[in-house]
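J.: Build me a structure from this.
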Amino acid sequence: IAALSRELVGRYGQCCESRIRCCPDRHGAEAALATMKRWGLKLWLSSATPDRDLAEIIVRRGWMRLFDGVLGSSRSKAANLRHVMAVERAAPREVVMVGDSADDVAGAREAGTWMVVITTGAGRVPARGPFALDHPRTLPALIARMRAKPLGRGRG
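T.: Here you go, the predicted structure:
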């Protein structure tokens, strides 16, 4: 049964990878990331995709230039955030998690970081307020507003 399980997991991973590689950019996400990268922001990807598949997917899509690091599902979202904070020597109030799932929200809460919810994602997290966006393309404008405020105010 263990061999069959490994085979099925492998097939599932291949199926997911092929679908992820060919799916279109989500609502301006690539342009938003490129804008923030030009500003000099440190951008990390924390994904529910297995580590072994994630880096290859990002390379094939041509997105490695956008990220300072790529972290997959071998650790929780909170653990990934803590890793990023340690590597970047950043305090929780200097980090923004952007995501579309309940795991993203829980990870940001546990790590004590800011959270911006993209409400059109696969997880369809219901959220309203200043840190909830319909589409990633509006993220740079929100980040610009957040950077203009003192860091200790207005947690979302």
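J.: Check which helices and strands the helix or strand bottoming out on mean pLDDT in the chain sits against.
T.: Within the chain, no helix or strand scores below helix 2-22, which has a mean of 77 by mean pLDDT, DSSP states H and E. Helices and strands touching helix 2-22, by 3 or more C-beta pairs under 8 Å, 6 or more residues apart in numbering; DSSP states H and E, are helix 51-61. Every C-beta, even on glycine, is put in place using the N, C-alpha and C of the backbone.
J.: where do the helices sit along the chain?
T.: 2-22, 29-38, 51-61, 77-88, 102-111, 139-148 (DSSP state H).
J.: export those to TSV and tack on mean neighbour count and distance to Thr119?
T.: As requested, the helices of the chain are exported to TSV (neighbours: other C-beta atoms under 10 Å; distance: least, C-beta to C-beta, whole Å):
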stretch	mean neighbour count	distance to Thr119
helix 2-22	11	21
helix 29-38	17	14
helix 51-61	15	23
helix 77-88	18	18
helix 102-111	18	11
helix 139-148	15	12
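J.: looking at these, which is closest to Val70?
T.: Relative to Val70, the nearest member of those by C-beta to C-beta is helix 51-61, separated by 5.5 Å.
J.: List of residues touching stretch 131-145?
T.: 26-29, 31-32, 35-36, 39, 41, 96, 98, 114-120, 130, 156 (C-beta atoms under 8 Å, 6 or more residues apart in numbering).
J.: Now do Val70: how many residues are near it, please.
T.: 19 (other C-beta atoms under 10 Å).
J.: Distance of the residue lying closest to it once chain neighbours are set aside relative to Gly99?
T.: Of all residues not flanking Val70 in the chain, Leu45 sits nearest, at 4.7 Å (C-beta to C-beta, 6 or more residues apart in numbering). To Gly99, Leu45 is 11 Å away according to C-beta to C-beta, to the nearest Å.
J.: same question, Gly69
T.: 16 Å.
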